[in-house]
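**Q** Here is a sequence together with a model predicted from it:
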Amino acid sequence: MNLKLMPENNTIFDCIVIGTGMAGYTASIYLSRYKVTNLIIGNVVGGQASEAHKIENYPGIRSISGFELAQKFNDHAKDLGAEIQLDTVTKVAKLDKLYEVSTASGKRFYSKTLLITTGKKRRKLGLKEEDKFMGKGLTYCTTCDGPFYKDKVVAVIGGSDAANSSSIYLSEIAQKVYQIYRGEKLRGEQAWIDQVHKAKNIEVLFNTNVIAINGRDKLESIDIDAKFNSSNNIVVDGLFIEIGAIPDPTIPKQLNIKLDDEDYIVVDQTQATSTEGIWAAGDITTASNKYAQIVTAAGEAALAARSIFEYLQKITIDK
């Protein structure tokens, strides 16, 4: 490698983990225990899991907020020696035998291997006024913005675990919660579904889609494609969009990593990608049958860490 490409005295890590979600922290914990020097870069501690009102399916912990669990993962990784940068990765490039990772703040970092754990990004409705009302009555984070709607009327869009748990959380704050779902019945864990149906102030509208968002300076009402109380309009103070998430292929495409037709990173049984020296773990991969859970993300990350350790041992011996 041409060392002139690097700033003087720049640390070369054994591995850079891109993503500060649960997979990223788990990988760091295992890498550190293998004595593999590592840096984690991401813009949100815990990723999307940190936004969860309650997590009740992580083994050994009966009930905990996503934020609190994320902090535990973060502290564990830090205690074992990981370096953590809260920043956004903008570009990744291969420089001879090393990888250069650039961030939004203008920093550059270097490593022998990469682990991508960037998870997924929130799916949007795709409506004309969506961006206009973002932060003005429309949100994608229930735990972030829910407390602002005390005794208000709100709507949640979606019918899976994220939407169900959001409705339950909001039912404890808001006066009324409309859950709007395009399907015929709610999906996901039965425990959440049962709580939705038991809550007196949650009303589920099935076979219904939101087709417009209305208001002047802030959201005032929504239009739906099915009649409700003889009208296609519902007056609400807040709209919480919980319709799932999709992978962000930006970084994998910079590295010519093989993706499937839904932009998930294709990995083998060791979590290795199609590009040598790069692994992936968590919600962004094809592993675990795309079952997006903290426990599966952690399992994939642990396996990836071991694979990276073995790879580094091999290239050291080959030298």
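**A** Great, that's in hand. Residues are numbered from 1 along each chain as shown.
**Q** okay, CA-based contacts and neighbour counts for the rest of this
**A** OK.
**Q** Run through the strands of the stretch 151-300 of the chain in chain order.
**A** Assigned by DSSP state E, counting those that start in this stretch, the strands in the stretch 151-300 of the chain fall at 153-157, 176-180, 202-205, 210-215, 219-228, 231-235, 238-241, 245-247, 278-280.
**Q** Let me know which of these is the nearest to Leu39.
**A** strand 278-280 (14.5 Å; C-alpha to C-alpha).
**Q** Would you pull up how far the closest one lies from the middle of the chain?
**A** 17 Å (C-alpha atoms, centre = their mean, to the nearest Å).
**Q** Pick the most deeply packed of the strands of the stretch 151-300 of the chain.
**A** strand 278-280 (a mean of 28; mean count of other C-alpha atoms under 10 Å).
**Q** List of residues touching that one?
**A** The contact list for strand 278-280 (C-alpha atoms under 8 Å, 6 or more residues apart in numbering) reads 113-117, 265, 267, 271-273, 301, 304, 308.
**Q** try 10 Å
**A** Taking C-alpha atoms under 10 Å, 6 or more residues apart in numbering as the criterion, the residues outside strand 278-280 that touch it are 15-18, 23-24, 99, 112-119, 252, 255, 257, 265-268, 270-273, 285-287, 300-301, 304-305, 307-308.
**Q** Which among those residues count as buried?
**A** Using 16 or more other C-alpha atoms under 10 Å as the burial test, these include 15-18, 23-24, 99, 112-119, 252, 257, 265-267, 270-273, 285-287, 300-301, 304-305, 307-308 as buried.
**Q** All the helices of the stretch 151-300 of the chain, residue numbers only.
**A** Counting by DSSP state H, counting those that start in this stretch, the stretch 151-300 of the chain has helices at residues 161-171, 190-198, 250-254, 294-318.
**Q** And those: which comes nearest Lys35?
**A** Lys35 lies closest, by C-alpha to C-alpha, to one member of the helices of the stretch 151-300 of the chain: helix 294-318, at 8.6 Å.
**Q** Quick check: buried residues in that closest one?
**A** By neighbour count, and taking 16+ other C-alpha under 10 Å as the criterion, the buried residues in helix 294-318 are 294-309, 312.
**Q** So this structure: which segments form each domain?
**A** If you go by automatic domain parsing, the domain ranges for the chain are 3-122+245-318, 138-241.
**Q** Leaving aside the residues adjacent along the chain, what's closest to Val92?
**A** Ranked by C-alpha to C-alpha, 6 or more residues apart in numbering and with sequence neighbours excluded, the top spatial neighbour of Val92 is Val101, at 4.6 Å.
**Q** ok but the one you found is inside a strand, no?
**A** Yes: secondary structure assignment places Val101 in a strand (DSSP: H, G, I helix; E, B strand; the rest coil).
**Q** in the sheet, who's paired with it?
**A** When bridges are called by DSSP bridges, Val101 pairs up with Val92, Phe109.
**Q** quick one: contacts for it?
**A** Applying C-alpha under 10 Å, 6+ apart, one finds that Val101 lies in contact with 16, 18, 41, 89-94, 107-111, 114.
**Q** Could you do Tyr58 as well?
**A** 64, 69, 293-295.
**Q** same thing but at 7 Å, please
**A** Val295 (C-alpha atoms under 7 Å, 6 or more residues apart in numbering).
**Q** How about Gly66?
**A** The contact partners of Gly66, taken as C-alpha under 7 Å, 6+ apart, are 49-55.
**Q** Looking at the closest residue in space to Ser288 that isn't next to it in sequence now. What's its pLDDT?
**A** Closest residue in space to Ser288, ignoring its immediate chain neighbours: Thr296 at 6.5 Å, by C-alpha to C-alpha, 6+ apart. At Thr296, the pLDDT value in this model is 95.
**Q** Go ahead and confirm Ala77 touches Ala27.
**A** No: using C-alpha atoms under 7 Å, Ala77 and Ala27 do not qualify as a contacting pair, with a distance of 8.7 Å.
**Q** the more surrounded of the two?
**A** Residue environment comparison for Ala77 versus Ala27 gives the larger neighbour count to Ala27, 29 against 24, counting by other C-alpha atoms under 10 Å.
**Q** Nearest spatial neighbour of the more buried one, chain-adjacent residues omitted?
**A** Once its chain neighbours are removed from consideration, Ala27 has its nearest residue in Ala301; the separation is 4.7 Å (C-alpha to C-alpha, 6+ apart).
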